[in-house]
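S.K.: Quick one, what's the 3D model for this:
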Amino acid sequence: MNARTFPATASPPSAPTGATSRSPTCAVWLKSALRSGWLSRMPAGAVPPAASPWTSTARPAAPVGRNCRSDNPWRTLTMDAPLQISPLSEEVVPDWLALMNSGLQDCPGFEPLVDLDYQRMWGGDRARTGHSLAAERGRELVGAVSLIFGRRRGRLRDLVVQPDARRCGTGTALIEAALDRFRERGLRLAEAQDWDAPSYRAFYAALGFRPVRRYLLLRWNLTAPLPALPLNHEVTVRPATLTDLEEIADLYARMYSPYWDWSREGTLEEVREEYRATFARRFTEEESNRVYLVAVLEGRLVGGITARIDEEYNQAKDVALGSLNPGGVGVLPTYRRRGIGSRLLTEALALLRECGMRQAAVWTFSYLESETPAVVLYRQSGATVARRSLGWEKPP
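M.R.: Next up, the predicted model:
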């Protein structure tokens, strides 16, 4: 099924509304940081110089008519042309960027997208594991949603509808077309991740989705002093190397084991092999934009964290931003509440700060009614929430 066409007057429910210093090259900063002995030299909380940086059988009622209600009093989007849903083609990338920037500008925490954002979203993992659907009337792009096909579940991301095309069933048509594709592949569950905003919550609830978790983007200001944390000085924190390959793969699989059943698919052994392949590739790269720090206690790896600088992103956005993704801070369950996570986090932020980053960020999940230990730690260390999303689920 390549395209789906909806009559001009059919209207399911509507979609939701919705200069800094440059970093050195990644290879240089990593090699320099590791050679310079920053772990022992950089005091915790030190501040750099200012120059550094988701089966409801009942369908909700919907308005029917030839025209959509427009938020623009001077323009009404005509419904004479049928709504067509089809894969988003590369030719409409500029239109997709304009759609995202106009359709999401009122969402709290939204930051305008650039060409690099599209390349990252559809030139990497998503290009291999899914695609994006476009909603068009005539030749005008009025909506889009991203699909990611997993082994057992399908994921929906980045649902957006042009402001003038809302309340016309455009969003519902996109979701239904996406769910059709999930059913065709035999996927058991559909997961939507989108903005934690009233319009998105109402939209997904009307379609039978239930909220299951939160996603948070947290940020640190590395140009200001950060709160002091209780640190474990019995552990050794050092960069992981190729000789750690087997143990670090097992470490990451086990320290995230309470969560991997929904964030990753497959058995624990399959998850371990995924990590092993990832680390083997990263450790053998001649130039890397990240370092994996591990906490060693009594000869065993008990925790880890990633410190990463994406130079291309920073140049495109004109920022000096370091990242703790993928993964954020993690500690084996039996070693938690001993200051190991605090030590890892402090060392990673110090490294990013010394490399000239003025901000650091991490994407992580949290529970609906409470915060995970990692989120609590991030907040205690001075991070603030920059963006909130919700995860919803339902059988397709």
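S.K.: Tell me the strands beside the helix or strand hosting residue 301, with direction?
M.R.: Per DSSP states H and E, residue 301 falls inside strand 300-309. Take DSSP bridges as the rule and strand 300-309 pairs in its sheet with strand 290-297 (antiparallel), strand 321-323 (antiparallel), strand 330-331 (antiparallel).
S.K.: how about those strands, which one is nearest residue 351?
M.R.: Nearest of these to residue 351, taken as CB to CB: strand 290-297 at 7.1 Å. For the C-beta atoms, the positions are set from N, CA and C on the backbone; glycine is no exception.
S.K.: Same list (the strands paired with strand 300-309) but as a markdown table, adding mean pLDDT.
M.R.: Output for these, formatted as a markdown table (pLDDT from 0 to 100):
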| stretch | mean pLDDT |
| --- | --- |
| strand 290-297 | 95 |
| strand 321-323 | 96 |
| strand 330-331 | 94 |
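S.K.: how about these in TSV, adding distance to residue 140 and mean neighbour count?
M.R.: Below are these laid out as TSV (distance: least, CB to CB, whole Å; neighbours: other CB atoms under 10 Å):
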stretch	distance to residue 140	mean neighbour count
strand 290-297	41	21
strand 321-323	35	24
strand 330-331	46	24
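S.K.: would JSON lines of those strands with distance to residue 139 be doable?
M.R.: Output for the strands paired with strand 300-309, formatted as JSON lines (distance: least, CB to CB, whole Å):
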{"stretch": "strand 290-297", "distance to residue 139": "42"}
{"stretch": "strand 321-323", "distance to residue 139": "37"}
{"stretch": "strand 330-331", "distance to residue 139": "48"}
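S.K.: of these, which approaches residue 219 most closely?
M.R.: So among the strands paired with strand 300-309, strand 321-323 is nearest, using CB to CB, at 8.3 Å.
S.K.: Run through who's touching that closest one.
M.R.: Residues from elsewhere that reach strand 321-323 (CB atoms under 8 Å, 6 or more residues apart in numbering): 53, 222, 306-310, 313-314, 352, 355, 357-362.
S.K.: Could you pick out which of those residues are located in helices?
M.R.: Using DSSP state H, the subset of those located in helices is 313, 314, 352.
S.K.: quick one on the thing from earlier: which positions in the strand holding residue 301 come out as buried?
M.R.: By 16 or more other CB atoms under 10 Å, the buried positions in strand 300-309 come out as 301, 302, 303, 304, 305, 306, 307, 308, 309.
S.K.: Which members of the residues you listed are the farthest-apart pair?
M.R.: Longest span within the buried residues of strand 300-309, CB to CB: 302 and 309, 25.5 Å.
S.K.: how many other residues sit next to the nearest residue to residue 137 once chain neighbours are set aside?
M.R.: Spatial nearest neighbour of residue 137, chain neighbours left out: residue 81 (4.5 Å); criterion: CB to CB, 6 or more residues apart in numbering. Neighbour count for residue 81, taken as other CB atoms under 10 Å: 13.
S.K.: Am I right that residue 81 is in a strand?
M.R.: No - going by DSSP: H, G, I helix; E, B strand; the rest coil, the assignment for residue 81 is coil, not a strand.
S.K.: Dihedrals phi and psi, the closest residue to residue 110 other than its chain neighbours?
M.R.: Computed as CB to CB, 6+ apart, the closest residue to residue 110 that is not its neighbour in sequence is residue 104, at 4.7 Å. In terms of degrees, to the nearest 10, the main-chain angles of residue 104 are phi -110, psi 0.
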